[in-house]
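K.L.:
next one to model:
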Amino acid sequence: MTSTRRIRYTLSAAALGILLSISPVVRAQTHGDPVEFTAFAVNMGSIVRGSTANLIITVNRWSTQAERDSVFTALREKGPEGLFNVLKDLKRVGSLRTAQTVGYDLRLAISDPLPEGGTRVLLATDRPLSFYEATNRPVTYDYPITVIDMQLKPDGTGEGTMSLAARIIPAGKNIVVENYDTQPIKLNKVETRKLKK
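P.N.:
Residues are numbered from 1 along each chain as shown. Predicted coordinates:
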């Protein structure tokens, strides 16, 4: 596997601080209604370019400040491996699936207002590793996290991106998300529906 398939993009403290509490000024919305997001996912990377899927993302509860703090502390003190170890042990917050699959659990769900109005939703989880990955440890083994970043308008519609296989690396006041493929998956036509508690 060559490095041309991997892309790094940097998120500023203001952007990913929402997810990992980098800034003490930023406080999470930790109490909110359960919601379901639907999105049309388009993979424009080099591995399975042009593939599409209708995603269903369910958030049954939002992460607490303590959960956010534990994730960032692990990342800062122990790096990507420490973050992965803490993330995989967090209690389930929801799920990510298609209509044809059972899907897998989400471990971190953050929702905060955007300065210009609307909401930013950031989700993360440890992705399921195949038997092949677990036993042979190819390059993909080093990209064990899925990160979803959505920007929603006040009416609950919007767009976003998903790094299906990623590493999160601290870089001063910024955080680098290294995506295994050449581009994150584009999430179009995101819609929000409140669920009953």
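K.L.:
neighbours of the nearest residue to residue 153 once chain neighbours are set aside, how many?
P.N.:
In space, residue 153 comes closest to residue 118 once its chain neighbours are excluded; the distance is 4.8 Å by Cβ to Cβ, 6 or more residues apart in numbering. For glycine as for every other residue, the C-beta is placed from the backbone atoms N, C-alpha and C. A total of 15 residues lie near residue 118 under the criterion other Cβ atoms under 10 Å.
K.L.:
wait, residue 118 sits on residue 158?
P.N.:
Yes - counting by Cβ atoms under 8 Å, residue 118 does reach residue 158; the two are 7.0 Å apart.
K.L.:
in its sheet, what does the helix or strand where residue 96 lies sit against?
P.N.:
Assessed by DSSP states H and E, residue 96 sits inside strand 94-98. Paired with strand 94-98 in the same sheet, following DSSP bridges, are strand 52-59 (antiparallel), strand 104-106 (antiparallel).
K.L.:
adding mean pLDDT, write these out as TSV.
P.N.:
Formatted as TSV, those follow (pLDDT from 0 to 100):
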stretch	mean pLDDT
strand 52-59	94
strand 104-106	93
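K.L.:
make a markdown table out of those strands and add mean neighbour count and distance to residue 165.
P.N.:
Shown next, in a markdown table, are the strands paired with strand 94-98 (neighbours: other Cβ atoms under 10 Å; distance: least, Cβ to Cβ, whole Å):
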| stretch | mean neighbour count | distance to residue 165 |
| --- | --- | --- |
| strand 52-59 | 18 | 15 |
| strand 104-106 | 18 | 13 |
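K.L.:
and residue 74, that one's in a helix?
P.N.:
Yes - with DSSP: H, G, I helix; E, B strand; the rest coil as the criterion, residue 74 is located in a helix.
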